[in-house]
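K.L.:
Sharing a sequence plus its predicted fold:
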Amino acid sequence: MSTASAPALVTHQGSCHCEQVRLEVDAPADLVVQECNCSMCSRLGFLHLIVPRSRFRLVAGRERLTLYTFHTGVAQHTFCSGCGVKPFYVPRSHPEGFSVNARCLSPASIRSRVVVPFDGAHWEEHVAELPPLSPPSGGTP
């Protein structure tokens with residue numbers, strides 16, 4: 001009997017448009033991301049790569065981040081105060097992790113990207129469809 005192993009992780013680098021906010025995220029080279037149709041994500045074009053905190057590192061720009069919350073206040077939306085781009089945030093669905101905007105990642109480390117639609121406009125009815133995080137671990141951006 002063989003056991004399936006998790007795909008190997010690579011370090012992806014990403015940033016906001018002005019590159020003052022820079023990040024690294026460990027994820028497979030073949031990305032599976034969610035495209036949400038909620039009022040926030042559809043306006044921003046955000047493609048969700050949701051990872052545990054242990055696989056996310058804020059490399060530069062903490063002082064440039066502006067925080068925005070709404071509705072339940074659980075999601076911590078972070079934007080670059082210079083260019084206005086949202087390269088990552090703490091999602092309501094996985095508050096113990098981060099959602100990185102796959103559009104903000106350098107294409108150099110991405111072998112492929114599959115986009116899966118997610119009905120965030122009806123979040124409560126569909127949140128259970130999101131994949132779980134791997135085992136959580138500590139860390140902050």
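P.N.:
Cool, the structure landed. Not measured: the values here are computed from a predicted model.

K.L.:
When you work out contacts or count neighbours from here on, use the C-alpha atoms and nothing else.
P.N.:
OK.

K.L.:
Helix, strand, or coil at Thr125?
P.N.:
No Thr there; residue 125 is Glu. helix (DSSP: H, G, I helix; E, B strand; the rest coil).

K.L.:
Repeat that for Thr78.
P.N.:
Per three-state DSSP, the local secondary structure of Thr78 is strand.

K.L.:
Give the burial count for the nearest residue to it once chain neighbours are set aside, as a bare number.
P.N.:
Closest residue to Thr78 apart from its sequence neighbours, by C-alpha to C-alpha, 6 or more residues apart in numbering: Leu67 at 4.7 Å. Residues within reach of Leu67, counting by other C-alpha atoms under 10 Å, total 13.

K.L.:
can you dump the C-alpha coordinates of the lengthiest helix in the chain into PDB?
P.N.:
Among all segments of the chain classified by DSSP state H, the helix with the greatest residue count is helix 39-44. C-alpha atoms of helix 39-44 as PDB (Å, rounded to 0.1, in the frame of the first residue of the first chain):
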ATOM      1  CA  SER A  39     -17.900  42.200  -2.800                       C
ATOM      2  CA  MET A  40     -14.300  42.700  -1.800                       C
ATOM      3  CA  CYS A  41     -12.400  40.000  -3.800                       C
ATOM      4  CA  SER A  42     -14.400  40.600  -7.100                       C
ATOM      5  CA  ARG A  43     -13.500  44.300  -7.000                       C
ATOM      6  CA  LEU A  44      -9.800  43.600  -6.300                       C
END
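
K.L.:
helices and strands around the following helix or strand past it, which ones?
P.N.:
Downstream of helix 39-44, the first helix or strand assigned by DSSP states H and E is strand 47-52. The contact analysis (3 or more C-alpha pairs under 8 Å, 6 or more residues apart in numbering; DSSP states H and E) places strand 47-52 against strand 30-36, strand 97-101.

K.L.:
repeat that for 10 Å
P.N.:
strand 22-28, strand 30-36, strand 88-90, strand 97-101, strand 112-118 (3 or more C-alpha pairs under 10 Å, 6 or more residues apart in numbering; DSSP states H and E).

K.L.:
Run the angle between that strand and strand 30-36 for me.
P.N.:
110 degrees (axes from the mean of the first three to the mean of the last three C-alpha atoms, to 10 degrees).
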